[in-house]
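Chemist: only geometry, no sequence info:
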Ligand code: IPE
Ligand code: IPE
Ligand code: MG
């Protein structure tokens, strides 16, 4: 690691790791080859971010919509995921990284769920970076589930409809324990969220890189950081309010 450092106020970085298939196809290889390389790049990225002192890294690993891919690709991804967790568990502990998952985990094969459970268990005392894999994850499904939970609470008489506030919804999302992403980085040039953190992305900064995920590294991370450092996060306010909150008497 050379001069790479975290920009101020970047606490939660979320990455949509896209482009494994295209990377492999460009080399005349099958998509699995790209996923293998992608898993290695994910490992390196996790370790780099942990060393930099990032608080929360979320990796979009498999979407609810990815279940619709050919069966052979889905099985290969599941195999790779299980193998990756088994192999990396000790490294996560060594790097003081605490692991968690969000998504419809019950849809994953039992063997993968076992690896997930072991990894969560082994890393639960780690106090460094929080690493979350979004697995079988979809933002719409997550919001729909929160709506069902709220509806059940209202039906049971433990919650009044007026109590369904933004905070109440946030509390019932799987991300309830984490802050919203400050920066969402997507590789391979697609300008879309693909059902990732739809509620939580309300004020995330976005950085899209043309780099395909298997080619991702410190250079692209540096570009994303410098983009983020140049963002003025106004959250609906004016530049003057952001720059001189005290003089304008607008500090809340
Ligand atoms: C990202 O790469 C990995 C997953 C979505 C599981 P892709 O497999 O989407 O690769 P492209 O986008 O087809 O190149
Ligand atoms: C988004 O990539 C999901 C992950 C990176 C896990 P996709 O390749 O599934 O997204 P689309 O289909 O191009 O929008
Ligand atoms: Mg893709």
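Modeler: In hand now; what should we look at? Quantities reported herein were computed from a predicted structural model and do not represent experimental measurements. Ligands and ions are numbered 1, 2, ... in the order given.
Chemist: residue numbers of the stretch 1-150 of the chain in contact with ligand 1?
Modeler: 17-22, 62, 66, 77 (Cβ under 6 Å from any ligand atom). Backbone N, C-alpha and C define where each C-beta goes, glycine included.
Chemist: which strands and helices lie in contact with the longest helix seen in the chain?
Modeler: For the chain, the helix that runs over the most residues, judged by DSSP state H, is helix 71-94. Using 3 or more Cβ pairs under 8 Å, 6 or more residues apart in numbering; DSSP states H and E as the contact test, the elements touching helix 71-94 are helix 31-52, strand 56-63, helix 110-122.
Chemist: near the nearest residue to residue 128 once chain neighbours are set aside, how many other residues are there?
Modeler: Nearest residue to residue 128, sequence neighbours excluded (Cβ to Cβ, 6 or more residues apart in numbering): residue 96, at 3.4 Å. For residue 96, the neighbour count with other Cβ atoms under 10 Å is 13.
Chemist: all numbers from here: first residue = 511
Modeler: Sure, I'll start counting at 511 from here, so that last one is residue 606.
Chemist: now residue 636. Nearest residue, chain neighbours left out?
Modeler: Nearest residue to residue 636, sequence neighbours excluded (Cβ to Cβ, 6+ apart): residue 608, at 4.2 Å.
Chemist: state the pLDDT value of the one you found.
Modeler: pLDDT for residue 608: 98.
Chemist: can you check residue 511 too?
Modeler: On the pLDDT scale, residue 511 is placed at 50.
Chemist: the longest helix of the chain: which residues count as buried?
Modeler: For helix 581-604, the neighbour count (16 or more other Cβ atoms under 10 Å) marks 586-588, 590-592, 594-595, 598-599, 602-603 as buried.
Chemist: run through the residues of the chain sitting next to ligand 2.
Modeler: 526-528, 570-573, 576, 700, 702, 704.
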